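**Q** Need a 3D model of the sequence below.
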Amino acid sequence: MALFRIEQEGQGLVPFAQYAAGDGLYEREVEDLLWDNLEEMLGRTLFRVARQAHLPHGGIPDILALDETGRIVVIEVKRDVDRQLLSQSLEYAGWARESNLQEVATLYTNGAQQFWADWQEFTGTEQPVPISPNPHIVLAAASFHRRTEAAIAFLRGAGVPLVVLSVGMYQDADGQKFLDVDRRGELGPPIATSVGNTETGNDGGSAKRSFPATLADLLNAGLLHEGEILAWHRPQSEQTFTTTVERDGRLRLPDGRHASSLSAAATMSVGHGSYPGWECWRTQDGELLYTLRDQFLSPVVDPGATLDE
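**A** Now for the predicted structure:
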């Protein structure tokens, strides 16, 4: 696949060069990007557990995360995915299937003691959500060996929850980098729950945490505006945070830092943990961002239209 920048009429297309990074550098950069931007690259808000965690019985997966139903998400990043990595990932999934909250807490990047408070805040429940015996696997790479592609297709056809991310990196003549992400497969529909989220204002149901829209979409639709200030009040800690919507869809924190997503803005505001950003932030009118997202995704019906038109 080739990427081009469209110049003014009559000046043709300007090609981007594929980013020439060695295996180690590619893997470190993509792992960094995934850890900081799980929401954007996987289309789901996840609770980040650890990077390069040493599992009790051996193995060091690149990234471990949880979804709100307690399913462990094992993420492996390699420049080229072969059968050995696929086999290794399945072994990690086998560990995840047998794991429990106590074990996961010992791997948490912010410490076992902090894990319990952060996990309950993420899920919005009074009791910690237990680990589900249905883990997911995510493989991120620039390329996949042909025989490995066939094995992946077989596993996905057999119902194995496996997501493939083809991650290409490009750069222009000025050295500016661009990321091209092609996602095949989804992390599966979240299991609905009737437990409300008192921290975020979620009035029940986990489905709000999967989303095919961005802040840039809401800006283009006129549902958000450049310079609009969003607020997040945390009743349990009596803290209120704010962030400002930028023209390009990023968020600017009061200290000048920028976040590329609502969940990232929440994490940066608090300083640790993972949060379902669409269910945290409100507009100045008090409307939750997931409500605006639903408005954007809902088809517009003209009340004056008839079936004959």
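**Q** and the nearest residue to residue 62 once chain neighbours are set aside, backbone torsions?
**A** Closest residue in space to residue 62, ignoring its immediate chain neighbours: residue 77 at 4.9 Å, by Cβ to Cβ, 6 or more residues apart in numbering. All C-beta spots, glycine's among them, are computed from the backbone N, C-alpha and C. Backbone torsions for residue 77, taken as degrees, to the nearest 10, come to phi -120, psi 120.
**Q** quick one, what contacts residue 77?
**A** Listed by Cβ atoms under 8 Å, 6 or more residues apart in numbering, the contact partners of residue 77 are 27, 30, 31, 34, 62, 63, 140, 141.
**Q** same check, this time on residue 81
**A** Under the criterion of Cβ under 8 Å, 6+ apart, the contact partners of residue 81 comprise 139, 141, 143, 144, 145, 148.
**Q** Can you give me every residue that contacts residue 138?
**A** 42, 73, 74, 75, 76, 162, 163, 164, 165, 187.
**Q** could you redo the last one with a cut-off of 7 Å?
**A** Under the criterion of Cβ atoms under 7 Å, 6 or more residues apart in numbering, the contact list for residue 138 reads 42, 73, 75, 163, 165.
**Q** Just the ones of the residues you listed in helices?
**A** Using DSSP state H, residue 42 are the members of the contacts of residue 138 that sit in helices.
**Q** still on that earlier bit, pairing partners for the residue nearest to residue 62 in the sheet, please.
**A** The residues paired with residue 77 through beta bridges, assigned by DSSP bridges, are residue 140.
**Q** Could you do the one 4 residues further on as well?
**A** Here residue 81 shows beta-bridge partners residue 144, assigned using DSSP bridges.
**Q** and what of residue 183?
**A** With DSSP bridges as the criterion, residue 183 is bridged to residue 165.
**Q** picking that back up, sort out which of the contacts of residue 81 are buried, if you could.
**A** With neighbours counted by 16 or more other Cβ atoms under 10 Å, those contain buried members at 139, 141, 144, 145, 148.
**Q** Please identify which pair of these lies farthest apart.
**A** Of all pairs drawn from those, the one with the longest distance (Cβ to Cβ) is 139 and 145, at 11.6 Å.
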